[in-house]
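Peer 1: only the shape, not the letters, is given here:
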């Protein structure tokens, strides 16, 4: 219901002026970047002063200029949040890659990069191709098991919120599948869809903007990277207790 | 408007909770026409179908703040269940009578004609949809959405897209209900033929199809991938159950529905569903859901009409039947009149709702997507639906008075639409 309250506030015109300060503008959506699930491997890696992260999945992580895309932003933000830790974020995302194709490519990526955390952004290509949601869920489950078996934590990222294509692709259906799979495997989801929709509602970013320029996209990615970094550090710092007392 | 059915040859009980004295539970003799007391139309059917149409419209506008008031956010089932159940109910009402009075051939022809009308309506909506997409695709440019732009690829191959749409395989988002309805009607003739002879057998057959669809994953294929969003082999159970209720089933269930125990169980189940759904919005509470329960419960499958959804609809129906009995005074109130009017012209208003949802999407894209705008397009949409329904009623009434016009009593009784 938090969303409703925020929305009502926006309706009454009490929302903060759009994009005043970039960081605080991102923060309005911070409530969607919370989790109760721990990332034990990340906690261990931080303790060992060496944090390797891979981003896998389809290509909405990419921008023409990869330094402006969220994986690079995430790396920078994590490095500043975790002084003394060698942070490295590698991207193995490929355009139009389905979860099933990604799952095939996973063993090699895991073997070479040996990440403490695998961030898997998925669902977009499935929504475009209308892949059967059950098949999608079972592919995800297989991949998650594979990643966990390789000694890496997993975090899922759901599709972007894309107002113009909303009538054409049912992203929420796949976001829902992702949410349920994550819940069952007790892994965090970075709810990119809700975050971006929140920004759209508040006018933080004009997601309808028709432009060839990269400016707005770069700002969005900077925000996503910052929120993602916050969520990763927070869930690594969670006490071990609640996550384990989870299934009584 | 006169809603009395004068020459009713059957004993339709369009009431989940009949007001009259309990009848013999033996099935009514279908072959012998029996003159019975005039059955007054059950306005509750129209009212709830009208409300369902509004909710479907609100849910169809993407990312609409107003969709927070719709029932899908507070339980497992949503407006689709209401719509399909009531459509089954009214279809049985109209075509059951046709089958008795005119025989199976004529009745089947009428059912197929109706399916054809729905098909034409669906294709018409598809053309409007394509126009909107084509328009949006030309004005869509943003590096942020480089990947999502791929969705417009299908515009480049109309030979495939249009053919798949005509085959009901390519169905854009929000356009899944009418194809389901077409399939339900297409298979309805043999079902109602059996229903009139052996109601229990017909319902059992419907349940068997449902179970087979679940066990063997039977569904129709879709394009470009996957299967139908609403599996007709699963959803026919709800449609068939509605039909069964219309032709005496509700009466047979009467005592059960009125039982306090059933009511208590229904309320308990609704509360349970509400609590579960709340954990979706407040994930921190999901830790209170025991693991065995979530393992057993999820996923709650909409495509195949999960048993939990079906049960949720039944529980809702029991509570609603208890809250608003057939002679509920508010049914005559002018405040519920708009919803009733919409429910009486369900096909037209449903199609209008789909179109209005497209229009609302365009308005949100091109003018503003602010929350205020979302509220405005939602309200304007519902007011337009009411206005159109009022116009349709008015026209029907005017035309009905002209000598020589064809009788519309059939359709009138069933809420205009089957």
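Peer 2: Sure thing, it's come through. Here the structure is a predicted model, which means the values were calculated and not measured.
Peer 1: average pLDDT across stretch A:212-221?
Peer 2: Taken as a whole, stretch A:212-221 has a mean pLDDT of 88.
Peer 1: ok, residues contacting that stretch?
Peer 2: Residues outside stretch A:212-221 that contact it (Cβ atoms under 8 Å, 6 or more residues apart in numbering or on different chains): A:19, A:22, A:63-65, A:68-70, A:73, A:196, A:199, A:205-206, A:209, B:141-144. No exception for glycine: its C-beta is placed from N, CA and C like everyone else's.
Peer 1: mind running it again at 6 Å?
Peer 2: A:63, A:68-70, A:73, A:205, A:209, B:141, B:143-144 (Cβ atoms under 6 Å, 6 or more residues apart in numbering or on different chains).
Peer 1: likewise for stretch B:304-314?
Peer 2: B:75-77, B:81, B:231, B:234-235, B:273, B:300.
Peer 1: redo that, cut-off 8 Å
Peer 2: Defining contact as Cβ under 8 Å, 6+ apart, one finds that stretch B:304-314 is touched by B:75-77, B:81-82, B:85, B:210, B:213-214, B:219, B:230-231, B:234-235, B:237-238, B:266, B:269-270, B:273, B:297, B:299-302.
Peer 1: low-confidence ranges, chain A, go.
Peer 2: In the predicted model, chain A carries pLDDT under 70 at residues A:1-23, A:60-61, A:241-248.
Peer 1: for it, what spans make up the strands?
Peer 2: Secondary structure of chain A (DSSP state E): strands located at A:50-57, A:86-93, A:117-121, A:153-157, A:189-190.
Peer 1: and the fourth one, what other elements does it pack with?
Peer 2: Read that as strand A:153-157. The contact analysis (3 or more Cβ pairs under 8 Å, 6 or more residues apart in numbering or on different chains; DSSP states H and E) places strand A:153-157 against helix A:40-47, strand A:117-121, helix A:133-149, helix A:171-185, strand A:189-190, helix A:215-237.
Peer 1: burial measure for residue 105, as a count.
Peer 2: All of this is about chain A. With neighbours defined by other Cβ atoms under 10 Å in any protein chain shown, the count for residue A:105 comes to 14.
Peer 1: wait, chain B was what I had in mind.
Peer 2: Neighbourhood size, residue B:105 [other Cβ under 10 Å]: 10.
Peer 1: element containing it, please.
Peer 2: Assigned by DSSP states H and E, residue B:105 falls within helix B:79-138.
Peer 1: tell me if that helix is near chain A.
Peer 2: Yes: using Cβ under 8 Å from any Cβ of the partner chain, helix B:79-138 reaches chain A at B:129, B:132-133, B:136.
Peer 1: can you pull the contacts of residue A:76?
Peer 2: Taking Cβ under 8 Å, 6+ apart, one finds residue A:225 in contact with residue A:76.
Peer 1: against residue A:69, how distant is it?
Peer 2: 12 Å (Cβ to Cβ, to the nearest Å).
Peer 1: again, but for residue B:139
Peer 2: Residue B:139 is 25 Å from residue A:69, by Cβ to Cβ.
Peer 1: what does the following helix or strand past the helix holding residue B:105 rub up against?
Peer 2: Heading C-terminal from helix B:79-138, the first helix or strand you meet, by DSSP H and E, is helix B:158-166. Contacting residues not belonging to helix B:158-166 are listed as B:123, B:126, B:154-155, B:170-171, B:223 [Cβ under 8 Å, 6+ apart].
Peer 1: for those, which one is nearest residue B:243?
Peer 2: Closest to residue B:243 out of these is residue B:171 (24.6 Å), distances taken as Cβ to Cβ.
Peer 1: just checking, that closest one touches residue B:222?
Peer 2: Yes: under the criterion of Cβ atoms under 8 Å, residue B:171 makes contact with residue B:222 at 6.7 Å.
Peer 1: which residues do the two both contact?
Peer 2: Residues touching both residue B:171 and residue B:222 (Cβ under 8 Å, 6+ apart): B:228-229.
Peer 1: coming back round to it: between residue B:139 and residue A:69, which one's more packed in?
Peer 2: Each of residue B:139 and residue A:69 has its neighbours counted (other Cβ under 10 Å); residue A:69 has more, 25 against 11.
Peer 1: check the burial of the closest residue to that one other than its chain neighbours by counting its neighbours.
Peer 2: Spatially, and ignoring its direct neighbours in sequence, residue A:69 is nearest to residue A:63 (4.3 Å; Cβ to Cβ, 6 or more residues apart in numbering or on different chains). When counting by other Cβ under 10 Å, one arrives at 20 neighbours for residue A:63.
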